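Colleague: coords please:
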Amino acid sequence: MSANRVAIVTGASRGIGAAIARELSAQGLSLVLTARSRAELDTLAAQLPQPALAIDADLSEPAAAARIVEATLAHYGRLDVVVNNAGATPRGDFLGFSDADWDAGFALKFFGAVRLCRAAWPALVASGGAIVNIAGIGGRTGNAEFAIGGSVNAALLNLTKALADRGVGDGVRVNAVNPSSIATERTQVRIDAIARERDLEPAQAAQELARKLGVARFGEPAEIARVVAFLVSDAASYMQGAIVDVDGGQTRTL
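Modeller: Residues are numbered from 1 along each chain as shown. I've put the predicted structure just below:
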């Protein structure tokens with residue numbers, strides 16, 4: 001049983017989630033890594049400097065969150081941090097999305113986070129722990145091509161505020177990070193689509209997308225991870241219900 005702080009990181013198999021796992025492990029936290037792909041989780045766990053338990057799970061399934069928390073407590077005996085990073089939502093025409101598309105969009109990213117926060121809350125109260133929800137700037141600024149994602153992110157941001165309000169009395173810190181324009185596989189899909197549509201080289205398409213988004217460059221997953229590590233650290237002990245945009249200046253509204 002480890003005396004170190006213990007963190008659950010969802011969507012940890014790649015991209016931002018994997019970067020968060022690497023950063024928290026480097027900071028001395030023991031980890032529980034969750035995602036649907038067990039092979040990728042095992043590969044990541046083997047690379048980390050601190051102990052890491054890999055649990056393949058689909059958080060859109062109602063029983064998954066409780067199972068993850070139970071396994072965490074059985075393995076480590078404590079839980080200090082939850083990072084809700086799982087979930088991707090589609091871009092496209094609002095009129096082209098079915099009810100099933102909307103249900104799927106909310107099932108993993110929003111309801112998965114709801115269930116994991118609920119299941120983890122007693123252990124986080126006991127440890128004086130912290131939650132960080134990885135949402136996205138689409139929750140603050142509407143976009144015709146991102147109706148599902150923006151709605152899901154907005155709901156997750158409101159959940160952050162609601163849980164932070166409860167957390168004041170229960171001693172649990174709850175904050176959120178809004179990434180955008182991060183160099184992940186999802187961003188590369190958008191770049192490749194632009195390259196095909198406009199007959200551009202990938203580098204040119206990347207520059208065009210960056211200009212369209214109003215940023216100088218794409219962020220790196222590690223840049224999100226460092227913000228998360230700060231938010232779960234003692235250095236951020238007075239941050240409660242904060243929503244931190246890490247977007248290269250893309251969000252220009254208050």
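Colleague: which of the residues in the biggest helix by length in the chain are buried?
Modeller: What stands out as the longest helix in the chain, according to DSSP state H, is helix 147-170. By 16 or more other CB atoms under 10 Å, the buried positions in helix 147-170 come out as 147-157, 159-160, 163-164, 167. The way it works is simple: take the backbone N, C-alpha and C, and place the C-beta from them, glycine included.
Colleague: what's it packed up against?
Modeller: helix 99-109, helix 111-127, strand 130-134, strand 173-179 (3 or more CB pairs under 8 Å, 6 or more residues apart in numbering; DSSP states H and E).
Colleague: now the ones you listed in a markdown table, with mean neighbour count, mean pLDDT and distance to residue 27?
Modeller: Converted to a markdown table, those look like this (neighbours: other CB atoms under 10 Å; pLDDT from 0 to 100; distance: least, CB to CB, whole Å):
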| stretch | mean neighbour count | mean pLDDT | distance to residue 27 |
| --- | --- | --- | --- |
| helix 99-109 | 16 | 97 | 25 |
| helix 111-127 | 20 | 98 | 16 |
| strand 130-134 | 27 | 98 | 13 |
| strand 173-179 | 26 | 98 | 16 |
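Colleague: and the ones you listed as CSV, adding distance to residue 41?
Modeller: Shown next, in CSV, are these (distance: least, CB to CB, whole Å):
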stretch, distance to residue 41
helix 99-109, 16
helix 111-127, 16
strand 130-134, 17
strand 173-179, 21
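Colleague: contact partners for residue 92?
Modeller: Contact analysis of residue 92 by CB atoms under 8 Å, 6 or more residues apart in numbering lists residue 145.
Colleague: meant to ask about residue 204, not that
Modeller: Counting by CB under 8 Å, 6+ apart, residue 204 has contacts residue 195.
Colleague: phi, psi for it please.
Modeller: Main-chain torsions, residue 204, degrees, to the nearest 10: phi -70, psi -40.
Colleague: can you tell me how far it is from residue 191?
Modeller: 10 Å (CB to CB, to the nearest Å).
Colleague: residue 25 now?
Modeller: Going from residue 25 to residue 191 by CB to CB gives 29 Å.
Colleague: could you pull out the strands for this protein?
Modeller: Applying DSSP state E to the chain gives strands spanning 6-10, 30-35, 52-56, 81-84, 130-134, 173-179, 243-246.
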